[in-house]
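1. pasted the sequence and its predicted model underneath.
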Amino acid sequence: MAIHIDNAEDDGLIGQINTTPLVDVMLVLLIIFLITIPVVTTSVPVDLPKQSNQVRQAKSDNVIISVSKLGQIYLFDSLVHNEQELIDRVLPFVQKNPQPVFEVRGDGQTRFQEVGRVIYALQRGGVAKLGFILEPASQ
């Protein structure tokens with residue numbers, strides 16, 4: 001926005017509207033609406049479902065893959081040295097009909113990246129059913 005100053009006529013009125021205060025007020029109102037709208041939309045009383053864990057017994061045909069604290073991979077109790085070896089060793093289980101459930105046990109101290117590598121290797125190996133073994137929370 002430009003201001004036109006005419007030196008010949010000092011008494012003249014400026015015929016332009018200053019919109020800066022209007023923009024400031026509109027931005028403040030926009031911020032207020034953005035803050036209050038989420039509060040208004042979540043004020044509807046809803047009866048949410050309760051959390052429940054069903055403890056299931058592990059079947060003998062489930063394939064258990066463990067990831068240690070150091071990121072070492074174990075198929076049942078035997079050490080697997082890398083992801084390609086894991087893919088090769090789960091291939092006979094993948095070819096069974098019906099395919100068994102693969103259960104991943106990750107140590108609580110291990111990095112998620114290590115468990116993610118195992119999941120990705122199982123996906124590349126053709127695993128269709130994958131589950132996680134967790135320790136139930138104490139109540």
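-> Noted; the coordinates are in hand.
2. list the buried ones in the helix or strand containing Gln84?
-> In the assignment (DSSP states H and E), Gln84 maps to helix 83-94. Under the neighbour-count criterion of 16 or more other CB atoms under 10 Å, helix 83-94 has Glu83, Leu86, Ile87, Arg89, Val90, Phe93, Val94 buried. To be clear about C-beta, it is placed using only N, CA and C from the backbone, and glycine gets the same treatment.
3. one more: stretch 124-133?
-> Neighbour counts over stretch 124-133 (16+ other CB under 10 Å) mark Gly125, Val127 as buried.
4. averaged pLDDT, it. What do you get?
-> Stretch 124-133 comes out with an average pLDDT of 88.
5. same for the helix holding Gln84, what does it pack against?
-> Helix 83-94 sits against strand 63-67, strand 73-75, helix 112-124, with contacts defined as 3 or more CB pairs under 8 Å, 6 or more residues apart in numbering; DSSP states H and E.
6. out of the ones you listed, which comes closest to Ile17?
-> Closest to Ile17 of the helices and strands packed on helix 83-94, according to CB to CB: helix 112-124, at 57.2 Å.
7. list of residues touching the next helix or strand after that closest one?
-> Where DSSP H and E defines the elements, the next helix or strand beyond helix 112-124 is strand 130-132. With CB atoms under 8 Å, 6 or more residues apart in numbering as the test, strand 130-132 has contacts from Val101, Phe102, Glu103, Val104, Arg105, Gly106, Ile119, Leu122.
8. so what's the second one up against?
-> Think Phe102. Counting by CB under 8 Å, 6+ apart, Phe102 touches Asn62, Val63, Ile65, Val90, Phe93, Leu122, Val127, Lys129, Leu130, Gly131.
9. quick one: low-confidence parts of this protein?
-> For the chain, the stretches with pLDDT under 70 are 1-12, 14, 38-60, 136-139.
10. in strands only, show me the contacts of strand 130-132.
-> Judged by DSSP state E, the subset of the contacts of strand 130-132 located in strands is Phe102, Glu103, Val104, Arg105, Gly106.
11. specify which member of those is nearest to Tyr74.
-> Checking the ones in strands among the contacts of strand 130-132 against Tyr74 with CB to CB, the nearest one is Arg105 at 8.6 Å.
12. first-to-last residue distance for stretch 66-76?
-> End-to-end span of stretch 66-76 (CA to CA, to the nearest Å): 7 Å.
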